[in-house]
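# the amino acid sequence is not available; the structure is as follows:
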Ligand SMILES: Nc1ncnc2c1ncn2[C@@H]1O[C@H](COP(=O)(O)OP(=O)(O)OP(=O)(O)O)[C@@H](O)[C@H]1O
């Protein structure tokens, strides 16, 4: 099996030795591995685009969810299956899909797993695998100090969250779906997966294998209300109808006065934006689980 391994040596703080172990493990399982180490943002995307038609049997992204997002954007659309080795800080995609955090088991999945078609979110030509956030969470992502994140990990988001909370004022957002349904909200999370930011379940009905996105509309128009909703999500408490509205849609338009947008944990820009579900443009090597089998 010919494998292109695109790996971020600074994922999760320091991943260089883990990447060497991944190469050794894949070679021991019979793979011919070409390794590209990223040196900066954008390298993983370029490497994936270059590898697209180069005859590899698998493209493997090794790093955090940010590296995975870049590889997806370089690769899609493609029939070459994409596998993932989680080496990141939060590893939301691995938690969502059950990709093992144990390197040996993750390498075994790369070699033995069956590729299957997945759904991606798309906005202005950019793909996302996990979610897009509009409003407060995007402000937190915009303000996060990436150098600090290398040293303190997830704590950098908490620091940015507290700093953002002092200044942020929830502003009204207008959300329209392809069926013409129109709603107002003060924060929006467009999900392709159930989990958000770690093990927090924001969109329980979302699935990587369905041709749709789930939309969570946050209705609190005050900072205190917003804090209450976020705390309940973090504690795993059920949310009330006056706090959130959940929708399912294939196309979602969000308008609002220069509100910030993040996708898969990276700042993307400001509103207005259209978010679309795109099923089948990419195949991924993932563990088989029953939910996934049902959705297919
Ligand atoms: N050699 C490098 N030096 C500095 N930054 C890099 C390098 N290679 C890639 N990057 C940037 O680091 C960003 C974050 O890395 P990545 O997502 O792999 O790990 P993480 O942030 O630790 O994990 P997670 O996304 O799961 O929180 C990438 O989006 C990329 O822009």
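Nice, I can see it. In this text the structure is predicted, and so the values were computed from the model without any measurement.
# after whichever strand or helix holds residue 73, next one along is what?
Here residue 73, judged by DSSP states H and E, is contained in helix 65-75. Elements were assigned by DSSP H and E; along the chain past helix 65-75, the next helix or strand is strand 82-86.
# just want the residue of the stretch 1-150 of the chain that's nearest the ligand.
residue 64 (2.0 Å; C-beta to the nearest ligand atom). In this view, the C-beta of every residue, glycine as well, is placed from N, C-alpha and C.
# quick check: closest non-adjacent residue to that residue.
residue 88 (2.2 Å; C-beta to C-beta, 6 or more residues apart in numbering).
# now swap in residue 188 and tell me
In space, residue 188 is closest to residue 134, 4.3 Å off (C-beta to C-beta, 6+ apart).
# skipping adjacent residues, who's closest to residue 25 in space?
Closest to residue 25 by C-beta to C-beta, 6+ apart is residue 107, at 4.0 Å.
# mind checking the SS state of the one you found?
At residue 107 the chain is in helix, as set by DSSP: H, G, I helix; E, B strand; the rest coil.
# next one: residue 5 from residue 160, what distance?
31 Å (C-beta to C-beta, to the nearest Å).
# which of the two has more neighbours?
When residue 5 and residue 160 are compared for neighbours, residue 5 comes out ahead with 25 against 19, by other C-beta atoms under 10 Å.
# now do stretch 58-68: distance to the chain's middle.
On the basis of C-alpha atoms, centre = their mean, to the nearest Å, stretch 58-68 sits 11 Å off its chain's mean C-alpha point.
# mind listing what's buried along it?
58-68 (16 or more other C-beta atoms under 10 Å).
# mind checking if stretch 6-14 is in reach of the ligand?
Yes: counting by C-beta under 6 Å from any ligand atom, the ligand has neighbours in stretch 6-14: 8-12.
# thanks a lot, catch you later.
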